[in-house]
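Enquirer: Got a predicted model here, sequence first, then my questions.
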Amino acid sequence: MKRHILTILLVLGSASLWAEGSNFEGLQLSSAPVNVNDMASIKRGAKFFAGNCSSCHTLTYLRYDKVAKEAGIPTDNKPISINGVTPPDLSLEADARGVDWIYTYLQSFYKDPSTPSGVNNLIFPGTAMPAILAPYQGEQVLVEKPVYDLLHEVQWYDLVKPVKQGSMKPEEFEQAVNDLVNFLAYAAEPFRAEQERIGFWVLGFLVVLFVLMYLLKKEYWKDVEKNQE
């Protein structure tokens, strides 16, 4: 019950952030290709989280999870304050903000010398989070005069351009971000895939039960109709 209440509070809190969010007209969230049944992707994302995110962020509700434990995600670390801001726990982040928001956020950092961290973000201006993924993605800067049609959706990559190559190729980095978001989606609902499988069995059982009850009803009413005649 507490978990659901916290999720609702996070959703309400984050909704205003997104509403105020981007300063770029028409910017849309990119669709995250999340698949909660892809355990290979989830495990890769867990390892990526352990190596790049767990020093600052916690996963309180995933403390006893097998996937997190195998990936080496610590359960007793304390968040490190960044520019006076304590990084949030990410257990329910996928529920609170949505996987598309996280997917877009992680890819849309750009250089901004006016900020304490030297970077900024397209959909979360003024974020205290440094560009920890820049070594993989490379560095980006804002396009001075972006060319796009306001009648169509504007994506984050329409507004920035790369100026320094990271250790990963663009498609490799995109896959790494997808794995990480997939893992965070799993962290928010670790039993979702199992619940879906059980749900199909339950629906199948109800269909069979309906057929049996219908046949039973016909059998009972057969005698009732005979008596009425």
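Expert: Sure, I can see it. Just so you know, these numbers come straight off a predicted model, no measurement behind them. Numbers count the residues shown, from 1 in each chain.
Enquirer: excluding its backbone neighbours, what's nearest the residue nearest to the spatial centre of the chain?
Expert: Central residue of the chain (C-alpha atoms, centre = their mean): residue 99, 2.8 Å from the mean position. Leaving aside its sequence neighbours, residue 99 sits nearest to residue 32 (C-beta to C-beta, 6 or more residues apart in numbering; 4.2 Å). Backbone N, C-alpha and C define where each C-beta goes, glycine included.
Enquirer: The one you found: what's it in contact with?
Expert: Going by C-beta atoms under 8 Å, 6 or more residues apart in numbering, residue 32 touches 99-100, 102-103, 178, 181.
Enquirer: re the thing from before, so for the residue nearest to the centre of the chain, what's the pLDDT?
Expert: The model reports residue 99 with a pLDDT of 96.
Enquirer: do you know how far it is from residue 52?
Expert: Per C-beta to C-beta, to the nearest Å, residue 99 is found 18 Å from residue 52.
Enquirer: residues near residue 216, how many?
Expert: For residue 216, the count of nearby residues is 10 (other C-beta atoms under 10 Å).
Enquirer: I'd assumed it was in a helix, is it?
Expert: Yes - using DSSP: H, G, I helix; E, B strand; the rest coil, the secondary structure at residue 216 is a helix.
Enquirer: what's the spacing between it and residue 73?
Expert: Computed as C-beta to C-beta, the residue 216 to residue 73 distance reads 52 Å.
Enquirer: in this structure, what spans have low per-residue confidence?
Expert: Low-confidence regions of the chain, defined by pLDDT under 70, span residues 1-23, 146-152, 191-198, 200, 223-229.
Enquirer: Please parse it into its domains.
Expert: As recorded under automatic domain parsing, the domains making up the chain are 2-190, 194-229.
Enquirer: Can you tell me which of the ones you listed is most buried?
Expert: The highest mean neighbour count among these, using mean count of other C-beta atoms under 10 Å, belongs to domain 2-190: a mean of 17.
Enquirer: residue ranges for the strands of the chain, please.
Expert: 109-111, 119-121, 138-142, 160-165 (DSSP state E).
Enquirer: Could you dump these into JSON lines and include distance to residue 207?
Expert: Below are these laid out as JSON lines (distance: least, C-beta to C-beta, whole Å):
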{"stretch": "strand 109-111", "distance to residue 207": "49"}
{"stretch": "strand 119-121", "distance to residue 207": "48"}
{"stretch": "strand 138-142", "distance to residue 207": "52"}
{"stretch": "strand 160-165", "distance to residue 207": "51"}
